[in-house]
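Colleague: I would like to see how this sequence folds:
(chains A and B)
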Amino acid sequence: MSLDYLWTGFAVALTPTNLLYSLLGCFLGTLIGALPAIGPINGIALILPIAYTMKMPPESCMILLAAIYYGAEYGGRITSILINVPGDAGAVMTAMDGFPLAKQGRGAEALTMSALSSFVGGILAVVGLTFFAPLLGLFAVKFGPAEYVALMVFAFATLASMVGAEPVKTLIGCLIGLLLTTIGLDPTSGAYRFTFDQPELHDGIEFIIIVIGLFSISEILLMLEHKFAGTLKPIPIGKGFPSWADIKACWWPTIRSSVSGFIIGVLPGTGASVASAVAYTTEKRLLDKGTFGKGDMRGLAAPEAANNAAAGGAFVPMLTLGVPGSGTTAVMLGALLLYNIQPGPQLFTEKPELAGGLIASMYIGNIMLLIMNIPMVRLFVKMLQVPNTWLIPTILLLSILGVYTAYSSVTSVLMMIAIGVMGWALRKQGFDMAPIILGFVLGKVLETNLRNALALSGGEVSILFQSTISNSLWVMAVLIVILPWWLARRSRREAIDARDHP
Amino acid sequence: MPMFRGAIAIVCSVFALSFPAVAKPDKTECIVGAKPGGGFDLTCRLLGGALQATNMIDRPMTYTYMEGGVGATAYNHIISTRPGDPGAIVAVSTGSALLLAQKKFGAHDENAVRWVGALGAEFGSVIVSPDSPYKTLKDLIDGIKDKPQEFSVAGGGAVGSQDWMKAALIFKAAGQDPKKMRYIALEGGGPVVTNVLGGHVKIGSSDIAEFIPHHKSGKVRVLAVMSPERLTGDAKDIPTAKEQGFDILWTVWRGVYVGPKVSDADYNWWVETVQKLSTTPEFRKEQESRGLYPFASFGKDFDAHVKSDVARFKVLAQEAGLIK
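Modeller: Numbers count the residues shown, from 1 in each chain, chains lettered A, B, ... in the order given. Here you go, the predicted model:
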């Protein structure tokens, strides 16, 4: 494959104006990502009309919008780590180990480490996009309902790792998540389920409302409670750079998560939230010796690499097939059509300045984000020293404002608060929020695709085992459950052998 | 002060009486009843962009996203919270009318708002894979007659949605029960194309604008467009269902409405403005770039059109067994 388009692209992306747009996009994206409830899709929808009325050339517009998109994936991690409030949907898993790290006084290290793994994820995704885009486009097309079912079963299998000390609570949490997904329109029958005649519920509860409720609102309630009990301790900032040993330990989880995140991002039915969930639970399944969830750098690096890689992956179907890989790329696709540009593989030959410029700008943008984010760590961690009398109302205000801006509905805000109170009650009982989130994220994709697959086959279950892709995924699902158990048994036996036969 | 304000109100109403009853709102807001990037968003941006370009409004229009039930949330919001807001205009489409007909649009019916006008239309269309043995709509319908179970359909909406209805019309033309159709519900037109490309389904049902890029690159075969006449532009080589001898029409109009208590003066301003706007070259250009075809229906005409569509969809939904 000729890479001429890429060199043309670098010439386009390196012009001063376009560099400026990249920088602006990266900055705006980081900000948008860091604000709770406002995600990249809202940011892009906001900026697009301005860019279009300014008569910005299409390649500059794409460069700006793309920078906002992957910038937001960087930005989402900041509040996840520092105050346990995910900045956007892809950053939920980042809080799992990020926040415990911050509580141990390693917030600055965690921010730097996650910036590094975000960078690796982002860059690997652009490399994948550069070299394999057309091939991956064809691969994405092979994913029909049956393949998505197998993929989701694999994802649920990795969830086995979340079954920690209290399997019953994990299971209940997961079921709560699954129950929440059943609210809203049932696409395969057209009926409304559990909507109580409220139009706000017709499309189900938005993921971001659940995330903000379960994390941000319940966190505020916990903080308030500790405040009154007088048990809230100030968090030290700590040193800025992670140790070499930590970086080494995170290397393979980051690479693995980047690859899996990229592939999940390429698939039009799944995005950053599924990618980071799968990455986190897979790494936990493979590596955990009781440290994940208590502040393990690897548990932080994995989801961050994955969500950034997924954002890059979402460009593959958009550029090669003209089909959006995520909600955000759907808006960008709309922007391309506004300029009368038809996306598709011909884009690389007919409009090299656009396809190439966009891809080249993603290399540059990721480097910019890294450079921008490492020194800014010092600034971000100051958030930890904000007194709670300021911090708590600010989080509450941002959460309410964010949800209201995105959905313009008071019902959504009330729903968020109700879910938050429920989350607080559950957390008091020792429930983990992660299984609820995972049940919700994976449940919807699983249900729709399972029912679509069975609708296609007329109820024949065999459709789920007909393609190589689904069968490979089934095998992987079995392996991810059995392998860690088998490895643990073997090492135990070896230990016994070693003791018995010195 | 209150007296002074009262005096202004009287003076204003005298003026209002002596001039044609038209009032221009000083702030305009378009409510998008869905996520950014969909058809409602397109409608609002087309309206706002063209109004701005032709200087028919002084300040840029603002956009509010209020997703839920193909516009049902926005419909309820405007009726119960801001019924008299002269500046708030809401995007609507055939999809909303279809839900109104199935009583899935909340507590209110089609008489609850003031229908302003249409901004354009798209048309339903069906595709098969380019290596499929079915070259025309007739081939396909004959095939369905023989073995209905083998013809799986992908659409960008739930059972009972527009895409489902279009496929149902084809199955009905083949003398089959649409209820028994093997249909998969996807999110939007993009996945419909990928599922046809990947060979997961035989037929894809969506709007012509979704298929045009893929038609041009030869990745899909568009069997028919469900428009009353041949389309122009990139779709000019695609035969209509009607030319092929099947009375299958599916027009997707995109329009706007205002709240029920908006005054006649404000309502008339919107109707006249949208009507005037639709003939400007700026509007035509924006309309075309968004894949929409002209569809002239404003004020009373549009009101009648929406209501007759709702009535027609009631019959269709009954026949398809969606409502009793």
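Colleague: what about the longest helix in the chain?
Modeller: All of this refers to chain A. Longest helix of chain A, by residue count under DSSP state H: helix A:107-141.
Colleague: that was the other one, I meant chain B.
Modeller: In chain B, taking DSSP H as the definition, the longest helix is helix B:299-319.
Colleague: pretty sure residue A:187 contacts residue A:449?
Modeller: No. If you go by CB atoms under 8 Å, residue A:187 and residue A:449 don't touch, sitting 10.5 Å apart. Bear in mind the C-beta positions are built from the backbone N, C-alpha and C, glycine included.
Colleague: give me the most central residue, the chain.
Modeller: Since no chain was named, I'll use chain A. Among the residues of chain A, the one closest to the centroid is residue A:90, at 2.2 Å (CA atoms, centre = their mean).
Colleague: meant chain B actually
Modeller: By CA atoms, centre = their mean, chain B has its centre lying nearest to residue B:93, at 2.8 Å.
Colleague: so what's that one closest to, chain neighbours aside?
Modeller: Leaving out its chain neighbours, the residue that sits closest to residue B:93 by CB to CB, 6 or more residues apart in numbering or on different chains is residue B:254, at 5.0 Å.
Colleague: doesn't residue B:121 make contact with the one you found?
Modeller: Yes. Using CB under 8 Å, residue B:254 makes contact with residue B:121 at a distance of 6.9 Å.
Colleague: which residues are common contacts for those two?
Modeller: Common contact partners of residue B:254 and residue B:121 (CB atoms under 8 Å, 6 or more residues apart in numbering or on different chains): B:292, B:295.
Colleague: out of these two, which sits in the more crowded spot?
Modeller: The neighbour count for residue B:254 versus residue B:121, taken as other CB atoms under 10 Å in any protein chain shown, is higher for residue B:254 (25 against 21).
Colleague: report the rounded mean pLDDT for the one helix or strand that one maps to.
Modeller: Using DSSP states H and E, residue B:254 maps to strand B:251-258. For strand B:251-258, mean pLDDT rounds to 96.
Colleague: helix or strand for residue B:153, which one?
Modeller: Here residue B:153 sits within strand B:152-155, counting by DSSP H and E.
Colleague: which other helices and strands contact that strand?
Modeller: helix B:162-173, strand B:182-185, helix B:189-197, strand B:203-207 (3 or more CB pairs under 8 Å, 6 or more residues apart in numbering or on different chains; DSSP states H and E).
Colleague: how about a cut-off of 6 Å?
Modeller: Judged by 3 or more CB pairs under 6 Å, 6 or more residues apart in numbering or on different chains; DSSP states H and E, strand B:152-155 is in contact with helix B:162-173, strand B:182-185, strand B:203-207.
Colleague: just say which of these is most tucked in.
Modeller: A comparison of these by mean neighbour count, using mean count of other CB atoms under 10 Å in any protein chain shown, puts strand B:203-207 on top with a mean of 29.
Colleague: indicate the residue of the stretch 201-350 of chain A located nearest to chain B.
Modeller: For the stretch 201-350 of chain A, the residue closest to chain B is residue A:202, as judged by CB to the nearest CB, at 3.0 Å.
Colleague: does chain B sit close to the longest helix of chain A?
Modeller: Yes. Counting by CB under 6 Å from any CB of the partner chain, chain B has neighbours in helix A:107-141: residue A:141.
Colleague: from the chain's centre, how far out does that helix sit?
Modeller: Here the centre of helix A:107-141 is set off from its chain's centre by 12 Å, with CA atoms, centre = their mean, to the nearest Å.
Colleague: what does stretch A:46-62 give?
Modeller: Distance, stretch centre to chain centre, for stretch A:46-62: 26 Å (CA atoms, centre = their mean).
Colleague: so which residues on chain A come close to chain B?
Modeller: So chain A meets chain B at A:41, A:45, A:141-142, A:144, A:185, A:187-190, A:199-200, A:202-203, A:268, A:322-324, A:330-331, A:334, A:338, A:340, A:342, A:344, A:408, A:452, A:455-456 (CB under 6 Å from any CB).
Colleague: residue 210: which element?
Modeller: Chain wasn't specified; assuming chain A. helix A:207-211.
Colleague: could you do chain B instead?
Modeller: Assigned by DSSP H and E, residue B:210 belongs to helix B:208-216.
Colleague: number of residues surrounding the residue in the stretch 401-502 of chain A that chain B sits nearest to?
Modeller: Of the stretch 401-502 of chain A, the residue with the smallest distance to chain B, taken as CB to the nearest CB, is residue A:452 at 3.9 Å. Residues within reach of residue A:452, counting by other CB under 10 Å, total 27.
Colleague: who's in contact with residue A:12?
Modeller: Counting by CB atoms under 6 Å, 6 or more residues apart in numbering or on different chains, residue A:12 makes contact with A:59, A:353, A:357.
Colleague: checking my notes, it in a helix, right?
Modeller: Yes. The assignment for residue A:12 by DSSP: H, G, I helix; E, B strand; the rest coil puts it in a helix.
Colleague: spatially, what comes nearest to it if we skip its sequence neighbours?
Modeller: residue A:357 (3.6 Å).
Colleague: swap in residue B:272?
Modeller: Excluding the flanking residues, the one nearest residue B:272 by CB to CB, 6+ apart is residue B:22, at 6.4 Å.
Colleague: so the one you found, which state does it fall into?
Modeller: Assignment for residue B:22 (three-state DSSP): coil.
Colleague: pretty sure residue A:84 is in contact with residue A:95, am I right?
Modeller: Yes. The criterion here is CB atoms under 6 Å, and residue A:84 meets it with residue A:95 at 5.2 Å.
Colleague: and the two? Which one has more around it.
Modeller: Between residue A:84 and residue A:95, residue A:95 has the larger neighbour count (other CB under 10 Å), namely 29 against 22.
Colleague: quick check: phi and psi on that one?
Modeller: Torsion angles at residue A:95 (phi, psi; degrees, to the nearest 10) stand at phi -70, psi -20.
Colleague: I'd say it and residue A:79 touch.
Modeller: No. Using CB under 6 Å, residue A:95 is not in contact with residue A:79, being 8.7 Å away.
Colleague: for residue A:115, give me its contacts.
Modeller: Residue A:115 neighbours (CB under 6 Å, 6+ apart): A:373, A:374.
Colleague: again, but for residue A:219
Modeller: Each residue near residue A:219 by CB under 6 Å, 6+ apart is listed here: A:84, A:85.
Colleague: which element is it on?
Modeller: Following DSSP H and E, one finds residue A:219 within helix A:218-229.
Colleague: counting contacts, what elements does the next helix or strand after that helix pack onto?
Modeller: Of the helices and strands lying after helix A:218-229 in sequence (DSSP H and E), the nearest is helix A:244-266. Packing partners of helix A:244-266 (3+ CB pairs under 6 Å, 6+ apart): helix A:107-141, helix A:272-287, helix A:297-313.
Colleague: flag the shaky bits of the chain, pLDDT-wise.
Modeller: All of this refers to chain A. A:1-2, A:161-165, A:231-234, A:501-502 (pLDDT under 70).
Colleague: if you could check chain B rather than the one you did, that'd help
Modeller: When residues are selected by pLDDT under 70, those of chain B lie in B:1-21.
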